[in-house]
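Asks: Fold the stuff below for me.
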Amino acid sequence: MSDIVQEIFSDKIIEPEYAMRSELDRNGLFELADNIKQNGLINPITVRPKNGLYEVVAGHRRFSACKINGMIKIPCIVRTLTDKETFSIMTAENLERADVDPVDEAEHLARHIEMTGESTGEVAKSIRRSVSYVETRLAVGQMPQYMKDYLKHGDLKLGAALALVQITHDQVRKVWVDMAVRDGVSVAQAEYWLHGWKVQQIPGVEQSLTPPDGYEAGQPQAIQFVCAVDGQRYDTRLCRTVIVYEGNLPIFNEFASLYRSSPPEPA
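Replies: Okay, here's the model as predicted:
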């Protein structure tokens, strides 16, 4: 039996209580509103009865576009749904779209687990995704806010973020993440950075305990890296990422050795 489409007064329809998207693209909404004005609402929105009104379950963007057009009545499919069924439908619809950022997904999934007490396996089955997919999104929810902001704006690749978040030193992690955003590093490069940091945590690895020049107690200190060319330490904000094929490393190392033994005179 097919769903029956009903026309419901727009003032009787309410936004989803827990929308998956934290914000809707304004330009995209106006384009959708214009399309609906010209062609009508081809796909009705799905709602459920709630406290004498109707809550949007699927079609949040379409509902917002209809309101922009000032539609008095909106075609709807009314379904009596539990919170779990609402979650499944809302999530499935949004995951089909590429513009849902991983931070919104993370907060949506975490909120559902908190409300229902379901396991990651149960949630994964409900949204037809793997357990690792759910676990990855939940890991995003635990990231520092600056990493979430980078992910939301598309400045940081998800894979790179998942690698760099494993750096447990807050200040060091912030430096690496900022560099990853600035240089647009690949996931492989971020994982290489993570590997290098982990090596430094091995007991017995020599680490300098001498404060850098200009050190002031209680003041934030710039993290420094050793330049692979001249062997000197520089503020990480002045360093750049380069890619060298491993077969060319002997050539690079020979060049660096020659440079250090006979550096050019200052101009």
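
Asks: Using the three-state scheme, assign the residue nearest to Ala58 when sequence neighbours are not counted.
Replies: Of all residues not flanking Ala58 in the chain, Thr46 sits nearest, at 4.0 Å (C-beta to C-beta, 6 or more residues apart in numbering). In this view, the C-beta of every residue, glycine as well, is placed from N, C-alpha and C. Using DSSP: H, G, I helix; E, B strand; the rest coil, the secondary structure recorded for Thr46 is strand.

Asks: Any regions of the chain where pLDDT drops low?
Replies: Within the chain, the stretches with pLDDT under 70 are 1-2, 20, 22, 24, 96-99, 202-224, 264-267.

Asks: Tell me how it divides into domains.
Replies: 5-82, 154-200, 224-261 (automatic domain parsing).

Asks: Reformat those domains into a markdown table and put mean neighbour count next to each item.
Replies: Listed next are those as a markdown table, based on neighbours: other C-beta atoms under 10 Å:
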| stretch | mean neighbour count |
| --- | --- |
| domain 5-82 | 16 |
| domain 154-200 | 17 |
| domain 224-261 | 11 |
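
Asks: can you count the residues close to Ala106?
Replies: Ala106 has 21 neighbouring residues, counting by other C-beta atoms under 10 Å.

Asks: Over to the one 5 residues further on?
Replies: The burial count assigned to Arg111 is 14, neighbours taken as other C-beta under 10 Å.

Asks: Does it lie in a helix or a strand, and which?
Replies: For Arg111, the element it lies in under DSSP states H and E is helix 102-116.

Asks: what comes up buried for that helix?
Replies: 102-110, 112-113 (16 or more other C-beta atoms under 10 Å).

Asks: hmm, who's touching that helix?
Replies: Taking contacts as C-beta atoms under 8 Å, 6 or more residues apart in numbering, the residues outside helix 102-116 that touch it are 18, 20-22, 83-84, 87, 91, 94-95, 118, 120, 123, 134, 137-141, 148, 151-152, 158.

Asks: which of these are buried?
Replies: Buried among those (16+ other C-beta under 10 Å): 20-21, 87, 91, 94-95, 118, 120, 123, 134, 137-141, 148, 151, 158.

Asks: Distance of the residue lying closest to Gly121 once chain neighbours are set aside relative to Lys50?
Replies: Closest residue to Gly121 apart from its sequence neighbours, by C-beta to C-beta, 6+ apart: Val131 at 5.5 Å. For Val131, the distance to Lys50 equals 31 Å [C-beta to C-beta, to the nearest Å].

Asks: contacting residues for Lys50?
Replies: Counting by C-beta under 8 Å, 6+ apart, Lys50 touches Ile14.

Asks: beta partners of it?
Replies: The residues listed as beta-bridge partners of Lys50 by DSSP bridges are Leu53.

Asks: how much space between it and Ile113?
Replies: If you go by C-beta to C-beta, the gap between Lys50 and Ile113 works out to 22 Å.

Asks: Check Ile14 too.
Replies: To Ile113, Ile14 is 24 Å away according to C-beta to C-beta.

Asks: Same question for Gly121.
Replies: The separation that Gly121 has from Ile113, given C-beta to C-beta, amounts to 11 Å.

Asks: still on that earlier bit, take the domains of the chain and lay them out in JSON lines including distance to Ile127.
Replies: Compiled in JSON lines, those are given as follows (distance: least, C-beta to C-beta, whole Å):
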{"stretch": "domain 5-82", "distance to Ile127": "11"}
{"stretch": "domain 154-200", "distance to Ile127": "17"}
{"stretch": "domain 224-261", "distance to Ile127": "36"}
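
Asks: wait, Thr86 sits on Arg48?
Replies: Yes - counting by C-beta atoms under 8 Å, Arg48 is a contact partner of Thr86 at 6.3 Å.
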